[in-house]
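Student: Build me a model from this:
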Amino acid sequence: MTELLSEILKGSEINKLIKNANIVLLWSECVPREIAKNTEAIKIRNKVLYVDAKTSVWAQELNFLKKEILEKINEIAGFKAVADIRFKAGGNGNDKRKI
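Tutor: The predicted structure follows:
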């Protein structure tokens with residue numbers, strides 16, 4: 001049954017949304033705890049992950065770490081799920097929002 005459902009969803013828009021949501025949820029596993037406490041992954045659109053950072057200092061620091069974070073995300077996802085990350089300063093860090 002699971003295989004049949006996977007086959008039906010394969011390549012569908014629903015499958016893409018599920019994969020993107022899972023990657024957003026994996027953010028805290030892809031970065032050190034201190035970064036996770038001061039940031040929040042918001043969404044993925046066109047293979048770009050959007051992340052809110054508490055301050056501009058955090059956003060700038062994360063830009064320096066972008067390559068390593070991208071590698072870790074794609075390693076955990078098991079495929080090249082994210083091609084770029086955009087960090088926005090002034091977010092509330094770990095405030096939970098709808099994906």
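Student: Ramachandran coordinates for the most centrally placed residue in the chain?
Tutor: Nearest to the mean C-alpha position of the chain, by C-alpha atoms, centre = their mean, lies Val24 at 3.6 Å. Main-chain dihedrals, Val24, degrees, to the nearest 10: phi -60, psi -40.
Student: Tell me what the spatially closest residue to it that is not a sequence neighbour is bridged to.
Tutor: Nearest non-adjacent residue to Val24, counting by C-beta to C-beta, 6 or more residues apart in numbering: Ala41, 4.5 Å away. The C-beta positions use only the backbone N, C-alpha and C, and glycine is treated the same way. For Ala41, the beta-bridge partners are Val51 (DSSP bridges).
Student: tell me which residues of stretch 39-54 are tucked away?
Tutor: Across stretch 39-54, burial judged by 16 or more other C-beta atoms under 10 Å covers 39-42, 44, 49-54.
Student: picking that back up, for Ala77, see how far away the residue nearest to the centre of the chain is.
Tutor: 11 Å (C-beta to C-beta, to the nearest Å).
Student: Can you list the residue ranges for helices in the chain?
Tutor: Taking DSSP state H as the test, the helices found in the chain are 2-9, 13-30, 33-37, 56-64, 66-77.
Student: How far off centre is the last one?
Tutor: When C-alpha coordinates are averaged (C-alpha atoms, centre = their mean, to the nearest Å), helix 66-77 and its chain have centres 9 Å apart.
Student: how far away is the residue lying closest to Ala36 once chain neighbours are set aside from Ala41?
Tutor: Excluding the flanking residues, the one nearest Ala36 by C-beta to C-beta, 6+ apart is Ser28, at 4.1 Å. Ser28 sits 8 Å away from Ala41, going by C-beta to C-beta.
Student: Glu68 too?
Tutor: 16 Å.
Student: cool, and Ile76?
Tutor: 13 Å.
Student: Then Arg86?
Tutor: For Arg86, the distance to Ala41 - C-beta to C-beta - is 11 Å.
Student: what residues are shared contacts of those two?
Tutor: 49-51 (C-beta atoms under 8 Å, 6 or more residues apart in numbering).
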